[in-house]
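J.: make a model of this:
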Amino acid sequence: MMATGSSEMPDHRKRNTFTSYVAPIPGDSRATMDTNEWCLPSDLRDVHLAKPRLLAGEQIVASAPAYMYSPIAPMDSGSGSGSANPSQSNGYNSNNQSSSSSSSNSSRASTFGLLSVTNFKLAFVPLHTRGLTPSAAASDLYQENVYLGRNEITLNNIDQIYTVAELGRAASALQAARMTGSSSRRKKLEPTRQHINGRIAALHIVCKNFRLLKFAFQQQDLKLSGASDYGKLIASALVRFAYPTRHDLSFAYAHNEPYYSTLNSSGVCMFASKNDWTRELIRCGASEWQVISATSVPQLQNRLQAGKYTLPPHFVIPKSCDVERFLQLSLAFCDSRAAFWVYSYGNSAASLVRLAELQPASQQDSKMENIMLELVRKCDERKQLRLLHLTDELPSVQDVQRAHRKLQRLCTPESPAQFMLQDDKFLALLDKTNWLMYVSLCLRQANVAASTLRANISCVLQESNGRDLCCVISSLTQLLLDPHFRTIDGFQSLVQKDWVALEHPFQRRLAHVYTCNSEQSPCSEQSPVFLLFLDCVWQLTQQFPDEFEFTQTYLTTLWDACFMPIFDTFQFDSQAQRARAVNDCKLVLRPVWDWSEQFCDKDKLFFTNPLYQRQRSDYAAALHNQRRSVAVTGQKLAKPTSATSSSASPASRYTINPQLFATQTTVPQDRYLQPAHRIFDLAVWQQCYYRWLPVLDIRGGGQPQLELCQRLLLSNIAKMQRCLELQSLDDLPDAYYEAVGEPRPYINHNQQQQQQQHEEEIAEYVDGVERRRKSMPCANSSSAAAANGLSAALQLSSLSSFFPFGSPIAGDAPHELYDILSTSSELLLDTSSILDKSSIM
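T.: Below you'll find the predicted structure:
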């Protein structure tokens, strides 16, 4: 003990109060334990070498050493990615005992690395990854995007930025961690704010896909030479590049790599040509409608008159109305959106039509609207029509945005304390968001529209501009009626038709561009209407798990793809904007449907639902014969006309005459769905909304665990079916030998190769489509079979409930999982003869 009155300074007063995250350069005399207790050890001084991987045209704007914190750590800190209490598990302590392991020990609350802002993304690169063991190298069991790393987000994905001010001159990493949960110190950074005052110790970044990122910065003494306020440096770069005021500032214009499409061999219809719309008219048997191309209308080619209209390049109008009359009537409606055909159903070809509301100046006189409705009525054989006023029945885009904001706050809590506070009254808070109520209303209106069409009555959907909620209801209606749109290619064609070709304003609704003026806020038109649609589709996949070819992972990935500026599908408000970008700025167009551009084969396996019931053979044969008649039969094709666009696909060089085809619809009438649309019949889309909250992760549980068990069963069924068909026991699954307790017989490798070559030469014809069999690898010893069975069991017990998103998953044999995925995705020859798929759901 120190004597009273001693002149010697107490030990705690001797400690240097200067703190820093900055890695001192080698040889710096200030980087010693005697002068700086927060200095980094030698193995952390190369932080600036941890630079992100850059794409063509990508440039680093700002970089800074930072600590990345888990938003809400899992309950079990030993198995998750962070501790639930940041103050108890700081990534860097004063004794420097944990500094070298802060980036490699997954039980820590923070990871040290380099935070960089580029003109494309915000990237955090951990300084050290050598602490990862082979079993923890989870990249094989995690969805990997070719363009983005695990700790990287696009600037388009950034929704809100919050700054946390410094508590004092000597803010430590521990204090910064505590500040991440201090809402009183949090301040929202407005997109229009150019100057940032004060020193920033931490940043909270809320993403549009419900991800919350937390970064803390250790401040330097600004009196030292070369010192920087790293928090302000990163925040200033984000404000400048994450909120562009013009679309040509997007990274897509700087990324000029050539694109080679692989979609020509797929069944995705882009609805980018007149022939695409004509084929859809033929498929639906809509003989009373005609396709109009803007390039063939002189009135739309006149620059003085074209400015009055906001029409897509191709649209379908009643045959009983000439183009000039239709354009004259369309001026009375908002955005020139008069009656546009989107779909027909039944032998009477009852039509689904989208219609905008009258202009404010024309609302007193409904004559124009009555004329337009009468033109639609004439296209129906029974001359019946039902008008659905979606503006009165559904929320506005502003209501959807407010509900989304409330749901976003509920799914991105600031701190563990706020999470626990929300968790105590979660259902009440969820109900106050009104999100599920809006999902319920959309499903209800889609069911009404589908029932109207099934009653052979044409249905007209009307809303303010015909480009928002009309897209939701018309798309859902077609999903309920037409099984073609429940396939992956069909669903992508549906989105391309109802959302892209008919010009949903993605640029404004997803806030890709922030417009500022005195009359409206920068985000006044932002509204995730497309997310509302995807949530409705997810509800349908849960109620009818064997009717949809795609999975919830596909839908979640599709929502993430909306913020990938490299792909143009969800980046524009209209086709005219897209054309100007191509002609004036030489933008390279890449459709998002070419998933091979973003993901490898193992990731695309997660998109396919193994329980999907294939369409019946008569319907597939009808489609097959129709496609052959359209693409092969030469006498049914006319010569190209001047109306054909020069930028159309090769298949659109010839104009199809729909009058030469039968008017009978090929859409099956017995595959419609009747969803339950009440709120208590709905659920929360956990994979999309909760996947970034480790505290809600259930290892070895949840829907992915059930799906994997189903895939394992279907994989074994597929193998047994092949054995029965080929009268060979060599391809029996390992589960068979485990059940009977017999070792797998030894197979000569030469004979096995010959057998595999013979199997590859055999073609299957399923639903009239030729399909080659896949050769299945089989083990050559009982020990291998036992090992495979053990590894599969390990996989079944280690999956995350947010798989393949959220926290990485450790596994001992990821290739076994991919074997299960690939074999379960094969077509079963006759499911009713062995096991009905519905019995294992």
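
J.: stretch 425-445 - what's its average pLDDT?
T.: Averaged across stretch 425-445, pLDDT comes to 97.

J.: hmm, I typed the wrong one, I wanted stretch 274-283.
T.: Stretch 274-283 comes out with an average pLDDT of 95.

J.: ditto for stretch 450-465
T.: Per-residue pLDDT over stretch 450-465 has a mean of 95.

J.: mind listing what's buried along that stretch?
T.: Neighbour counts using 16 or more other Cβ atoms under 10 Å place 450-454, 456-465 of stretch 450-465 among the buried residues. Any C-beta I mention is one placed from the backbone N, CA and C, and that applies to glycine too.

J.: and for stretch 679-690?
T.: Residues 682, 684-690 are the ones in stretch 679-690 that count as buried (16+ other Cβ under 10 Å).

J.: go on, stretch 327-338?
T.: Residues of stretch 327-338 classed as buried by neighbour count (16+ other Cβ under 10 Å): 327, 329-330, 332-338.

J.: now do stretch 260-269
T.: 263, 268-269.

J.: if we can go back for a sec, among the buried residues of stretch 450-465, which are in strands?
T.: 458-463 (DSSP state E).

J.: what about Asn583, distance to Gln577?
T.: Taking Cβ to Cβ, to the nearest Å as the measure, Asn583 falls 11 Å from Gln577.

J.: okay, those two: which has more neighbours?
T.: Shown here are Asn583 and Gln577; by other Cβ atoms under 10 Å, Gln577 has more neighbours (16 against 10).

J.: contacts for the helix or strand hosting that one next, please.
T.: Using DSSP states H and E, Gln577 falls within helix 575-585. Applying Cβ atoms under 8 Å, 6 or more residues apart in numbering, the external contacts of helix 575-585 come out as 247-248, 253, 310, 312-313, 501, 503, 507, 568, 572, 587, 589.

J.: close enough to count as contact, Tyr309 and Phe326?
T.: No. The criterion here is Cβ atoms under 8 Å, and Tyr309 misses it with Phe326 at 10.7 Å.

J.: all strands of the stretch 201-350 of the chain, in order?
T.: Along the stretch 201-350 of the chain, counting by DSSP state E, counting those that start in this stretch, strands occupy 212-216, 289-293, 314-318, 340-345, 350-356.

J.: adding distance to Gly700, write those out as JSON lines.
T.: Converted to JSON lines, the strands of the stretch 201-350 of the chain look like this (distance: least, Cβ to Cβ, whole Å):
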{"stretch": "strand 212-216", "distance to Gly700": "25"}
{"stretch": "strand 289-293", "distance to Gly700": "53"}
{"stretch": "strand 314-318", "distance to Gly700": "51"}
{"stretch": "strand 340-345", "distance to Gly700": "43"}
{"stretch": "strand 350-356", "distance to Gly700": "45"}
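
J.: okay, these in CSV with mean neighbour count, mean pLDDT and distance to Val495 next?
T.: CSV is the format used below for the strands of the stretch 201-350 of the chain (neighbours: other Cβ atoms under 10 Å; pLDDT from 0 to 100; distance: least, Cβ to Cβ, whole Å):
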stretch, mean neighbour count, mean pLDDT, distance to Val495
strand 212-216, 25, 94, 28
strand 289-293, 22, 96, 20
strand 314-318, 24, 96, 16
strand 340-345, 26, 96, 12
strand 350-356, 26, 96, 15
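
J.: run a quick neighbour tally on Asn347.
T.: 12.

J.: about what we covered before: just the buried residues of stretch 450-465 now: which is nearest Leu732?
T.: Ranked by distance to Leu732 (Cβ to Cβ), these are led by Ala450 at 45.0 Å.

J.: so who does the closest one touch?
T.: So Ala450 contacts 477, 480-481, 672 (Cβ under 8 Å, 6+ apart).

J.: how about it, nearest residue that isn't a chain neighbour?
T.: Of all residues not flanking Ala450 in the chain, Leu480 sits nearest, at 4.3 Å (Cβ to Cβ, 6 or more residues apart in numbering).

J.: was I right about the one you found contacting Pro675?
T.: Yes. At 7.1 Å, Leu480 counts as touching Pro675 under the criterion of Cβ under 8 Å.

J.: the lengthiest helix in the chain - contacts with which helices or strands?
T.: In the chain, taking DSSP state H as the definition, the longest helix is helix 703-726. On a contact count with 3 or more Cβ pairs under 8 Å, 6 or more residues apart in numbering; DSSP states H and E, helix 703-726 meets helix 734-740, helix 782-798, helix 814-824, helix 831-834.

J.: hmm, 10 Å instead?
T.: Applying 3 or more Cβ pairs under 10 Å, 6 or more residues apart in numbering; DSSP states H and E, we find helix 703-726 packed against helix 552-561, helix 686-689, helix 734-740, helix 749-761, helix 782-798, helix 814-824, helix 831-834.

J.: what mean pLDDT would you report for the last one?
T.: Per-residue confidence for helix 831-834 averages out to 40 on the pLDDT scale.

J.: equivalent analysis for the second one, please.
T.: Helix 686-689 shows a mean pLDDT of 95 in the predicted model.

J.: ok, the third one next?
T.: Across helix 734-740, the average pLDDT comes to 71.

J.: buried residues in it, which are they?
T.: Across helix 734-740, burial judged by 16+ other Cβ under 10 Å covers 734-738.

J.: can you tell me how far Pro52 is from Gly806?
T.: Taken as Cβ to Cβ, the span from Pro52 to Gly806 is 22 Å.

J.: Cys442 now?
T.: 27 Å.

J.: which one's more surrounded, these two?
T.: Neighbour count, other Cβ under 10 Å: between Cys442 and Gly806, Cys442 has more, with 27 against 21.
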